[in-house]
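Novice: Here you go, sequence then predicted model.
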Amino acid sequence: MVLSLSPGPAPVEEHEHLAAHANLWRMTGDFWDEWEKLYAMFERCYAWQEYVQPGAWPDCDMLPLGRIGKHFGQERATLFTPDEQKTMMTLWCIFGSPLMLGAELTKLDDWTLSLLQNKKLLRLENGHFVSRQVLRSKEKCVWAAVDPQTGERYVALFNFSETAKTIHISPAECAAAFPEGWVCPEEGTWEEVWSGNQSDKIGGEVAPHGALLFHRS
């Protein structure tokens with residue numbers, strides 16, 4: 001049994017009280033399929049990044065994927081573009097948010113299932129990863145995560161702009177966001193989780209409102 005609170009948005013200064021009395025708590029108001037709400041979630045995740053821990057999880061709210069809105073008016077398909085859906089799933093997972101689907105389960109399509117069943121992506125939800133924002137500007141954002149038990153590392157690149165952007169980051173730049181250490185050799189092969197492509201660099205062209213997620217064992 002877990003206790004989930006929906007104060008929305010939870011005040012970050014109450015993180016100790018929330019962690020002592022609940023297992024998860026919503027750190028936002030109602031989250032719907034609007035780019036502005038997804039964009040705003042990056043600031044919320046940054047504010048809460050140091051307080052994600054096993055048994056006490058800040059919650060980004062439900063995932064509005066697939067067919068939604070059945071009990072809030074007319075049922076419809078999510079308004080998020082496919083790239084925005086990747087961005088949402090990537091941010092929720094690399095931040096370590098609980099995953100709850102707000103959709104009509106009997107009408108899930110293959111695309112939505114592929115988002116929810118990506119095993120490399122879901123490894124980020126094992127409760128062991130330490131995640132930090134590396135950088136953020138008006139046009140882009142980078143998050144990194146490491147599992148201290150296995151040494152696995154992930155780096156997520158997000159494009160906030162309305163046009164495709166080429167984004168690159170180095171392991172050394174990622175390491176600077178981790179005071180406790182994030183040792184990672186510059187050389188080595190990374191796998192881009194969404195495409196399965198292999199690369200010796202962290203980076204590439206990122207679609208508008210899209211994301212790339214790189215993994216290295």
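Specialist: That came through fine. Just so it is clear, the structure is predicted and the values come from calculations on it, not from any experiment.

Novice: Poorly predicted segments of this structure, please.
Specialist: Counting by pLDDT under 70, the ranges of the chain that qualify are 181, 183-184.

Novice: Could you tell me the backbone phi and psi angles at the residue positioned nearest the centre of the chain?
Specialist: In the chain, the centroid-proximal residue (Cα atoms, centre = their mean) is L91; its distance is 1.5 Å. Main-chain torsions, L91, degrees, to the nearest 10: phi -70, psi -50.

Novice: wait, it sits on C60?
Specialist: Yes - using Cβ atoms under 8 Å, L91 and C60 qualify as a contacting pair, with a distance of 7.4 Å. The C-beta positions use only the backbone N, C-alpha and C, and glycine is treated the same way.

Novice: what number of residues lie near the closest residue in space to G66 that isn't next to it in sequence?
Specialist: Distances taken as Cβ to Cβ, 6 or more residues apart in numbering place A103 nearest to G66, at 3.8 Å, with adjacent residues excluded. A103 has 21 neighbours, counted by other Cβ atoms under 10 Å.

Novice: And L135, by the same measure?
Specialist: Residues near L135, counting by other Cβ under 10 Å, number 14.

Novice: Common neighbours of L91 and C60, please.
Specialist: Taking Cβ atoms under 8 Å, 6 or more residues apart in numbering as the contact rule, L91 and C60 both touch M41, C45.

Novice: List the residues that contact the nearest residue to A56 once chain neighbours are set aside.
Specialist: Closest residue in space to A56, ignoring its immediate chain neighbours: A19 at 3.8 Å, by Cβ to Cβ, 6+ apart. Shown in contact with A19 (Cβ under 8 Å, 6+ apart): Y51, Q53, G55, A56.

Novice: Run a quick check on the third one versus N23, I expect a contact.
Specialist: By that I understand G55. Yes - using Cβ under 8 Å, G55 is in contact with N23, at 6.0 Å.

Novice: separation between the residue nearest to the centre of the chain and R136?
Specialist: 12 Å (Cβ to Cβ, to the nearest Å).

Novice: Please apply the same query to M1.
Specialist: 36 Å.

Novice: next one: M62
Specialist: M62 is 24 Å from R136, by Cβ to Cβ.

Novice: For the protein, which segments count as strands?
Specialist: 4-5, 24-26, 57-59, 67-68, 76-77, 130-136, 140-146, 153-159, 165-169, 190-192, 198-199, 202-206, 211-216 (DSSP state E).
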